[in-house]
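**Student:** sequence below, structure please.
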Amino acid sequence: MADIRTLHDAVAELIHDGDTVAMEGFTHLIPFAAAHEIIRQGITDLTLVRMTPDVIYDQLIGAGLVRKLVFSWGGNPGVGSLHRFRDAVENGWPRPLELDEHSHAGMANRYVAGASRLPFAVLRGYRGSDIPTRTDTVSTVTCPFTGEELAAVAAINPDVTVIHAQQADRQGNVRLWGLVGVQKEAALAADRVLVTVEEIVDELSPQAGAVTLPAWAINAVVEVPGGAHPSYAAGYSVRDNDFYKAWDPIARDREKFQAWIREHVLENTAEGAAAR
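**Tutor:** Have a look, this model is predicted:
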């Protein structure tokens, strides 16, 4: 059953050194505020999982907290490369980064298997790719009904999944809508779930196309208005395109990046960051 907590306390309780952490959201509802609290608390040696690592993981990788990345695409959307990610892969700065790369379909199926509490998922994919030669999480199985050889991908069961959503009620039920990705599957696959929300309401009113996560599937809910910035929350905010463009020159330079992290993350409390 979900407890309503402060961001500091929820992160400290649920996320630990060495954990496998999924922070999902596709262009929309990306949990930046929670990621910044992880940086403030210095939680390290993380394995990060995400369909589309973008600036949120560039920041965590550049802060030196990540030992491994499980992913299917990485970049600064609409702008270019993730320069802290590239520096870690190409130069081992601030530490070497292990990679486990997949296709989008493979990652989505891995989450579905994890949410279903199955050991693996099957799909038609990876043929002609060298990805299976570079990971132990892709194999093949033969269909017992047709004899067809299919790709098999190992389930993902994160220690913790972190997502951002629009609303939660006071019992801890969560609702998100708009452009959603694999948040539901990532949450149901995890051992522990932390959700930041734009607001806590007395009652979740009907919303067409919404995804509702029940309180029994969530450990902690935190009210963090603007907690997805610079991404957006449909009905509450718009995407800060200028930030994504401004991030490119910041991330290219190690000293500029470190100065940005000090000013905008380390020297801000979770409450102060949420208030801006």
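**Student:** the stretch 1-150 of the chain: strands as residue ranges?
**Tutor:** 3-4, 20-23, 46-50, 66-71, 98-101, 120-123, 138-142, 149-154 (DSSP state E, counting those that start in this stretch).
**Student:** Ala22 touches Asn157, doesn't it?
**Tutor:** No. The criterion here is CB atoms under 8 Å, and Ala22 misses it with Asn157 at 9.6 Å. Quick note: C-beta positions are derived from backbone N, CA and C, even for glycine.
**Student:** comparing the two, which residue is more hemmed in?
**Tutor:** Neighbour count, other CB atoms under 10 Å: between Ala22 and Asn157, Ala22 has more, with 28 against 20.
**Student:** ok, now which ones touch the more buried one?
**Tutor:** Contact partners of Ala22, counting by CB atoms under 8 Å, 6 or more residues apart in numbering, are Leu48, Val49, Arg50, Tyr111, Ile156, Pro158, Val160, Thr161, Val162, Ala186, Ala189, Ala190.
**Student:** pLDDT wise, what is the fifth one at?
**Tutor:** Ile156 is assigned 98 on the pLDDT scale.
**Student:** got the contact list for it?
**Tutor:** Ile156 sits in contact with Ala22, Val49, Val70, Met107, Arg110, Tyr111, Ala113, Gly114, Ala186, Ala189, where contact means CB under 8 Å, 6+ apart.
**Student:** show me which of these are buried.
**Tutor:** Neighbour-count burial (16 or more other CB atoms under 10 Å) applied to these gives Ala22, Val49, Val70, Met107, Arg110, Tyr111, Ala113, Gly114, Ala186, Ala189.
**Student:** and those, which is closest to Ala152?
**Tutor:** Ala113 (9.4 Å; CB to CB).
**Student:** out of the buried ones among the contacts of Ile156, list just those in helices.
**Tutor:** Among the buried ones among the contacts of Ile156, DSSP state H puts Met107, Arg110, Tyr111, Ala113, Gly114, Ala186, Ala189 in helices.
**Student:** who are the contact partners of the nearest residue in space to the fifth one that is not next to it in sequence?
**Tutor:** Read that as Gly114. Leaving aside its sequence neighbours, Gly114 sits nearest to Ala189 (CB to CB, 6 or more residues apart in numbering; 3.0 Å). Neighbour list for Ala189: Ala22, Tyr111, Ala113, Gly114, Ala115, Ala155, Ile156, Asn157, Pro158, Thr161 [criterion: CB under 8 Å, 6+ apart].
**Student:** and the residues you listed, which two are furthest apart?
**Tutor:** Ala113 and Thr161 (14.6 Å).
**Student:** what about the residue nearest to Phe26 when sequence neighbours are not counted, distance to Ala210?
**Tutor:** Leaving aside its chain neighbours, Phe26 sits nearest to Gly181 (3.3 Å; criterion: CB to CB, 6+ apart). Separation of Gly181 from Ala210 (CB to CB, to the nearest Å) stands at 14 Å.
**Student:** name the residue in these two with the higher neighbour count.
**Tutor:** With neighbours defined as other CB under 10 Å, Gly181 and Ala210 compare such that Gly181 has more, 21 against 16.
**Student:** okay, that one: pLDDT?
**Tutor:** 92.
**Student:** can you give me phi and psi for it?
**Tutor:** phi -120, psi -110 (degrees, to the nearest 10).
**Student:** next: Ile30.
**Tutor:** phi -90, psi 130.
**Student:** give the residues shared as contacts by Ala22 and Asn157.
**Tutor:** Joint contacts of Ala22 and Asn157 (CB under 8 Å, 6+ apart) are Ala189, Ala190.
**Student:** re the thing from before, so can I have TSV of the ones in helices among the buried ones among the contacts of Ile156 showing distance to Gly78 and pLDDT?
**Tutor:** Output for those, formatted as TSV (distance: CB to CB, whole Å; pLDDT from 0 to 100):
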residue	distance to Gly78	pLDDT
Met107	21	97
Arg110	26	98
Tyr111	25	98
Ala113	31	98
Gly114	30	98
Ala186	24	98
Ala189	29	98
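**Student:** what's the distance between Gln59 and Gly18?
**Tutor:** Distance of Gln59 to Gly18, given as CB to CB: 20 Å.
**Student:** low pLDDT regions in the stretch 151-276 of the chain?
**Tutor:** Applying pLDDT under 70 to the stretch 151-276 of the chain flags residues 269-276.
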